[in-house]
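**Student:** Show me the folded form of this:
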Amino acid sequence: MYNPQLDTFLRVADAGSFSKAAEEMYITPTAVIKQINLLEGNLGVMLFIRTHRGLHLTEAGKAFYQEAQYIVEYIKGTVPMIYNEICLRQMKFILDERNTFGMKFACRRMGDRDG
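**Tutor:** Residues are numbered from 1 along each chain as shown. Now for the predicted structure:
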């Protein structure tokens, strides 16, 4: 469901370089470049103008940046919500009022593990 290439794209765009983004992500610059190249290949457009002074977004990159931000934030918010809903539905026992908070907290924590 979640595409790490989108997150990599956003980090590179914000950092302005492959190496700075790689450092922030604790991966190699080569891995970052590979992800960006795959993303550009899948989209069929160049997202960055590469110069010796750094990277700049193309017009397509600028448009894609806005959409990628929305997609990443939407997924990060949706996945925990779904885990919470599943957790609550799977609870088959009845809890009294004192334990309701504990059940909801436990479900939230389960949802946080991937979010």
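
**Student:** which helix of this structure spans the most residues?
**Tutor:** Ranked by residue count and defined by DSSP state H, the top helix of the chain is helix 59-90.

**Student:** what is the mean pLDDT for that one?
**Tutor:** In this model, helix 59-90 has a mean pLDDT of 83.

**Student:** Buried residues, it. List them.
**Tutor:** For helix 59-90, the neighbour count (16 or more other Cβ atoms under 10 Å) marks G61, F64, Y65, A68, I71, V72, V79, P80, Y83, N84, C87 as buried. For glycine as for every other residue, the C-beta is placed from the backbone atoms N, C-alpha and C.

**Student:** Could you do stretch 41-59 as well?
**Tutor:** For stretch 41-59, a neighbour-count test (16+ other Cβ under 10 Å) marks L47, F48, L55, L57 as buried.

**Student:** Now tabulate those in a markdown table and tack on secondary structure.
**Tutor:** What follows is those, written out as a markdown table (DSSP: H, G, I helix; E, B strand; the rest coil):
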| residue | secondary structure |
| --- | --- |
| L47 | coil |
| F48 | strand |
| L55 | strand |
| L57 | strand |
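
**Student:** Pull the contacting residues for V12.
**Tutor:** F18, A21, V32, I36, F48, L55 (Cβ atoms under 8 Å, 6 or more residues apart in numbering).

**Student:** Sticking with it, tell me its helix or strand.
**Tutor:** Assessed by DSSP states H and E, V12 sits inside helix 4-15.

**Student:** So which bits of that helix are buried?
**Tutor:** Q5, L6, D7, T8, F9, L10, R11, V12, A13, A15.

**Student:** hmm, back to that, now the longest helix of the chain against helix 4-15, angle please.
**Tutor:** Per axes from the mean of the first three to the mean of the last three Cα atoms, to 10 degrees, the angle that helix 59-90 makes with helix 4-15 is 130 degrees.

**Student:** quick revisit: so which of the contacts of V12 would you say is closest to N42?
**Tutor:** Nearest to N42 among those: I36, at 10.8 Å, using Cβ to Cβ.

**Student:** What is the burial count for that closest one?
**Tutor:** Look at I36: counted by other Cβ atoms under 10 Å, it has 22 neighbours.
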